[in-house]
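J.: sequence and predicted structure, then a few things I'm wondering about:
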Amino acid sequence: MKNIYKIPALSFGFALLLSVTGCSDNKAITAEPTDTTTTSIGVAATTSIAVATTTTTPAVTTTEILSTTTVVTTTLAPATTVTTTTEPAVAPCDASWTTDAKVTAGWPGGSGIFVAPHVQETARIGAHDGYDRWVLEFRADSTPPAGWEIAWNVGPVLQDGSGFVADIDGTEFLSIRMLASSGWALPEAEWYAGPTSLMGTDVGASNLVEAKLVGDYEGYSTWGIGVDHQAPFNVFTLSNPSRLVIDICH
C-alpha cells in the first residue's frame, strides 16, 4: 500500500496536459489524437474522427522560346496540399453533458469492460472552445480504469488513506476516483513519473484551475480537479494509447 500526498514523503501531487491549447479565438487548439475509436462508459458514446483531404494541382508545363530554332520545355511537378481536420463527434457542452456523477457499472468494483493492468503513464490539460480538458494516459500495455466514480464534491477532495484535505487550487472540486494505479506495486523504477499537478493558467483554461494526483491506495487512485465554478462535464475513453478524458464546460 502506498499513499501519495503533495508535500509529505509518502505523497504525490497531481494533474494534466493534453497537448491541447486554446480556449478563445486567440488560443491555438491541439486536440487529442483521434485516429482511434472512442468509448464512453456510463455516458453517451463518443467517436473522434480524423478526416484527411488531399488536393492535387495537375502538372504544369511551360514552354520558353529561346530562338527561332531552339525550344526548352520545363515540366513542373504536381503541387500537393494535404489538410487534416479533427472534429469531436459530440458538440461541446450539448444537452448530453450534465453535472451528474458519472459512475461505471459495478462500482466500487470493476466493471468488467476494461481488463488489467491500468497503470498511469502521464497526464495533461488543455483549453478548447467552450470547455477545458483533462487527459490521463495509461501505459502501452494498459487499458483505461476498470471502474470509476467522477463527481462534483460537496466539499474539498480528500487524500486517500489519511482523509486529509488535498491542497488543490479552485473554488469547486471534481473528484476522480478509479480502479487504477500509479505503479506503486511495481518496482520503484516503474512508479508513475508524470506530472502530479497541472495549472490551468499554463494553457489558458477558462474554468479549470488545477488538476492534481492526490492518492493511490489499495488499488484505487484519486485525482482532483479544482475549477472556478461547477459546470456540465463529459467523460469518455480513447485507445492507442489508452486514455481517460474529462471535458468540463466553461
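T.: Cool, got the structure. Numbers count the residues shown, from 1 in each chain.
J.: kindly check the end-to-end length of stretch 164-180 for me.
T.: End-to-end distance for stretch 164-180: 21 Å, by CA to CA, to the nearest Å.
J.: then stretch 203-223?
T.: Rule used - CA to CA; the end-to-end distance of stretch 203-223 is 19 Å.
J.: tell me the mean pLDDT for that stretch?
T.: Per-residue pLDDT values over stretch 203-223 give a mean of 94.
J.: buried sites along it?
T.: For stretch 203-223, burial by neighbour count (16 or more other CB atoms under 10 Å) applies to 203-217, 219-223. C-beta coordinates here come from the backbone N, C-alpha and C atoms, glycine included.
J.: what does stretch 134-146 give?
T.: Neighbour-count burial for stretch 134-146 flags 134, 135, 136, 137, 138, 139, 142, 143, 144, 145, 146 (criterion: 16+ other CB under 10 Å).
J.: ok, the fifth one - contacts?
T.: Residue 138 sits next to 118, 119, 120, 121, 144, 180, 241, 242, 243, 244 when contact means CB atoms under 8 Å, 6 or more residues apart in numbering.
J.: look up how far residue 194 lies from the nearest residue to it once chain neighbours are set aside.
T.: Counting by CB to CB, 6 or more residues apart in numbering, the nearest residue to residue 138 once its immediate chain neighbours are dropped is residue 242, at 4.2 Å. Relative to residue 194, residue 242 is positioned 14 Å away (criterion: CB to CB, to the nearest Å).
J.: comparing the two, which residue is more hemmed in?
T.: Between residue 242 and residue 194, residue 242 has the larger neighbour count (other CB atoms under 10 Å), namely 22 against 19.
J.: roughly how far does that one sit from residue 116?
T.: Summarising the geometry, the distance separating residue 242 from residue 116, computed by CB to CB, is 12 Å.
J.: go on, residue 219?
T.: Separation of residue 219 from residue 116 (CB to CB): 10 Å.
J.: try residue 133
T.: Here the criterion is CB to CB. By it, residue 133 lies 26 Å from residue 116.
J.: mind checking which of these two has more residues around it?
T.: When residue 133 and residue 116 are compared for neighbours, residue 133 comes out ahead with 26 against 15, by other CB under 10 Å.
J.: and that one, that one's in a helix?
T.: No. For residue 133, which was evaluated using DSSP: H, G, I helix; E, B strand; the rest coil, the result is strand, with no helix membership.
J.: if it is in a bridge, with which residues?
T.: Beta-bridge partners of residue 133, counted by DSSP bridges, are residue 126, residue 247.
J.: likewise for residue 235?
T.: Listed by DSSP bridges, the beta-bridge partners for residue 235 are residue 246.
J.: tell me how many other residues crowd it.
T.: When neighbours are defined as other CB under 10 Å, residue 235 has 23 of them.
J.: surely it and residue 243 touch.
T.: No. Applying CB atoms under 8 Å as the test, residue 235 and residue 243 come out as separate, 11.4 Å apart.
J.: quickly list the domain ranges of the chain.
T.: Taking automatic domain parsing as the reference, the chain has its domains at 17-50+86-249, 51-85.
J.: lowest average pLDDT across those domains?
T.: Mean pLDDT is lowest for domain 51-85 among the domains of the chain, at a mean of 39.
J.: name the helices or strands packed onto the helix or strand residue 174 falls within?
T.: With elements delineated by DSSP states H and E, residue 174 resides in strand 172-179, which encompasses its position. If contacts are counted by 3 or more CB pairs under 8 Å, 6 or more residues apart in numbering; DSSP states H and E, strand 172-179 sits against strand 148-152, strand 220-227, strand 243-249.
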